[in-house]
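Trainee: Predicted structure and sequence below. I'll ask about it afterward.
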Amino acid sequence: MERVQIHFEGSENTFYSGQYVSGHVSVHLAVPTRLRAITLRISGTAEVKWEEWIHKRNPQKQLRRASQRSANGLPQQAPPSNEMKVFKSNELYFEYKIALLAASNHDPLFEAREYKFPFHFNLPHNIPSSFEGQFGHVRYVVCCKVDKPCARDHESKTMFTVICPLDLNRFPHLATMADASDVRKFWCLFHRSKPTTVIMRLSESGIVPEQLINPNIDVDNTSDIRINQVRLMLIMSCSYTAMGVKKVEKRVLVESHLGAVEPKRARSWFRGIFIQVPPVPPSGLNNCTLIDITYKLKLVAEPERPHLNITVSLPLTVGTIPFRNNFDPSAATAGEFNQPPLPSAPPSMEPPRRLLTEPPSYEESINSQGSPDYLEIQPSQGFLPPLYQSLPLPPEIIQDTVKEPPPA
């Protein structure tokens, strides 16, 4: 009985697009075995799939129902029927086949021990980042097949993570101030209350994984209605396209409850309200036409029922290379980080560095789900975000003011 394992050079199976990848396949034979060939297949694919109930008209029943309705003097109308339809599509980005042991006329006999077969390949530049979603995924898989002449073939599969670099420094407008606001007047019996104003500001709308988002929030409640809760959420929206149809999946990555705002009071959160970006793929999922990813920071003020919520949101762009004024190259020392070589990477791209504290895994951070009929391989590696300067957490500072009623 043999054991086949695939190993990559380096401690993390995470690579940039266009990078040189090397490793070896370890084959452990418990008894002397004849092997015909050992083949390695490396592929990058994207797949989307979901099911929906489709309403359609039954042409056979339509004639019978139409004649019956005509006999009764009723207008003709075809009855709808339901049909389950599967929407799916896929893309192939690359596929390599490497013969680790070439087939020959005679099948050599291998002694009972461990054998190592090295391999190497270059990743294409124009491939998307790895992604796992509820209705689709982008996966990079290495499959090793051991062909034995007189026994059942043995296959071993493993996945690795690819990051398509997205440099935020190429988009200077993302480093500028962004704000969103909304003003609401609630109905109180036969008149409207005084306005409630909600404002959210960000110093920059470009972020990277593991970064801390520090928004400035103002809620000015001059009405007589209590704001029961103010919630701040980081939301990821995934748009899947198959057969000309789109399906959107929304996930709340991080949520923070800020508290209530009493009537005729105002509260401001301008320091200490932090949301940490989990390890997530870059915005847009470049080079993939089936899946699109967007992010936004959403603020929801929940008034007393039956009044509707006040919602403001700001779009965010998640990259892999932070703004240079937020990057601290002195934080990386020789003994702290493992830097894999990037010979094919662009010159402006910083290599990924391992954080001192292990970040949450990629599948944990996005809570990926999938139906088992087409998600055969579960992801085992998380995104390895670039290192950036971690800001300390200052104490929360909240301004709470009372709106005095105007003199009579």
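Mentor: Everything's here; your move.
Trainee: contacts, neighbours, all on C-alpha from now
Mentor: Noted.
Trainee: List the buried residues of the strand or helix carrying residue 158.
Mentor: Assessed by DSSP states H and E, residue 158 sits inside strand 154-159. Within strand 154-159, the residues that qualify as buried are 155, 157, 158, 159, counting by 16 or more other C-alpha atoms under 10 Å.
Trainee: Repeat that for stretch 310-328.
Mentor: 310-323.
Trainee: which two from those end up farthest apart in space?
Mentor: 310 and 321 (33.7 Å; C-alpha to C-alpha).
Trainee: quick one on the thing from earlier: what's the distance between the strand holding residue 158 and the middle of its chain?
Mentor: Offset of strand 154-159 from its chain centre (C-alpha atoms, centre = their mean, to the nearest Å): 25 Å.
Trainee: same check, this time on stretch 108-117
Mentor: Averaging C-alpha coordinates over stretch 108-117 and over its chain gives two centres that are 41 Å apart (C-alpha atoms, centre = their mean).
Trainee: on that earlier part again, just put the buried residues of strand 154-159 in TSV and tack on pLDDT and distance to residue 243.
Mentor: Formatted as TSV, the buried residues of strand 154-159 follow (pLDDT from 0 to 100; distance: C-alpha to C-alpha, whole Å):
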residue	pLDDT	distance to residue 243
155	84	33
157	91	30
158	91	30
159	92	27
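Trainee: JSON lines please, covering these and showing distance to residue 185.
Mentor: Shown next, in JSON lines, are these (distance: C-alpha to C-alpha, whole Å):
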{"residue": "155", "distance to residue 185": "65"}
{"residue": "157", "distance to residue 185": "59"}
{"residue": "158", "distance to residue 185": "56"}
{"residue": "159", "distance to residue 185": "53"}
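Trainee: give the contact list for residue 53.
Mentor: The neighbours of residue 53, taking C-alpha atoms under 8 Å, 6 or more residues apart in numbering as the test, are 82, 83, 84, 85.
Trainee: Surely it is in a strand?
Mentor: Yes. Residue 53: assigned to a strand according to DSSP: H, G, I helix; E, B strand; the rest coil.
Trainee: Low-confidence bits of this structure, can you list those?
Mentor: 1, 11, 56-81, 189, 326-408 (pLDDT under 70).
Trainee: let's see 80
Mentor: For the chain, residues meeting the criterion pLDDT under 80 lie at 1-2, 10-12, 33-34, 54-83, 103-111, 149-153, 187-193, 271-273, 325-408.
Trainee: hey, where'd the helices end up in it?
Mentor: Using DSSP state H, the helices of the chain run over 59-71, 362-366.
Trainee: sorry, back to before: and which of the buried residues of strand 154-159 is nearest residue 89?
Mentor: Taking C-alpha to C-alpha as the measure, residue 159 is the one of the buried residues of strand 154-159 closest to residue 89, at 20.8 Å.
Trainee: From residue 242, how far off is that closest one?
Mentor: According to C-alpha to C-alpha, to the nearest Å, residue 159 and residue 242 sit 24 Å apart.
Trainee: same thing with residue 202?
Mentor: Counting by C-alpha to C-alpha, the separation of residue 202 from residue 242 is 35 Å.
Trainee: what do you get for residue 169?
Mentor: Taking C-alpha to C-alpha, one finds residue 169 at 33 Å from residue 242.
Trainee: which residues touch the residue nearest to residue 299 when sequence neighbours are not counted?
Mentor: Nearest residue to residue 299 in three dimensions, chain neighbours excluded: residue 232, at 4.6 Å (C-alpha to C-alpha, 6 or more residues apart in numbering). Residues near residue 232 by C-alpha under 8 Å, 6+ apart: 255, 256, 257, 258, 297, 298, 299, 300.
Trainee: Can you tell me how far the first one is from residue 214?
Mentor: Yep, that's residue 255 we're talking about. Distance, residue 255 to residue 214, using C-alpha to C-alpha: 13 Å.
Trainee: anything in contact with each of the two?
Mentor: residue 275.
Trainee: If you count surrounding residues, which of those two has more?
Mentor: Shown here are residue 255 and residue 214; by other C-alpha atoms under 10 Å, residue 214 has more neighbours (18 against 15).
Trainee: so who does residue 99 touch?
Mentor: Contact analysis of residue 99 by C-alpha under 8 Å, 6+ apart lists 37, 38, 39, 40.
Trainee: Kindly recompute the last result at 6 Å.
Mentor: For residue 99, the contact set (C-alpha atoms under 6 Å, 6 or more residues apart in numbering) comprises residue 39.
Trainee: Then the one 10 residues further on?
Mentor: Shown here is residue 109, whose contacts under the criterion C-alpha under 6 Å, 6+ apart are 33, 34.
Trainee: gap between the residue nearest to residue 121 when sequence neighbours are not counted and residue 122?
Mentor: Spatial nearest neighbour of residue 121, excluding adjacent residues (C-alpha to C-alpha, 6+ apart): residue 21 at 5.4 Å. Distance of residue 21 to residue 122, given as C-alpha to C-alpha: 6 Å.
Trainee: Spit out the residues that contact the two alike.
Mentor: What both residue 21 and residue 122 touch, as defined by C-alpha under 6 Å, 6+ apart, is an empty set.
Trainee: neighbour count winner among the two?
Mentor: Between residue 21 and residue 122, residue 21 has the larger neighbour count (other C-alpha under 10 Å), namely 20 against 13.
Trainee: Touching, the more buried one and residue 123? I think so.
Mentor: No. Applying C-alpha atoms under 6 Å, one finds residue 21 not in contact with residue 123, separated by 7.3 Å.
Trainee: Just give the nearest non-adjacent residue to residue 113, would you?
Mentor: residue 29 is the one closest to residue 113 (C-alpha to C-alpha, 6+ apart), at 5.3 Å.
Trainee: meant to ask about residue 248
Mentor: Nearest in space to residue 248, with sequence neighbours left out and distances taken as C-alpha to C-alpha, 6+ apart, is residue 239 at 4.5 Å.
Trainee: Next: residue 102.
Mentor: Nearest residue to residue 102, sequence neighbours excluded (C-alpha to C-alpha, 6+ apart): residue 37, at 5.4 Å.
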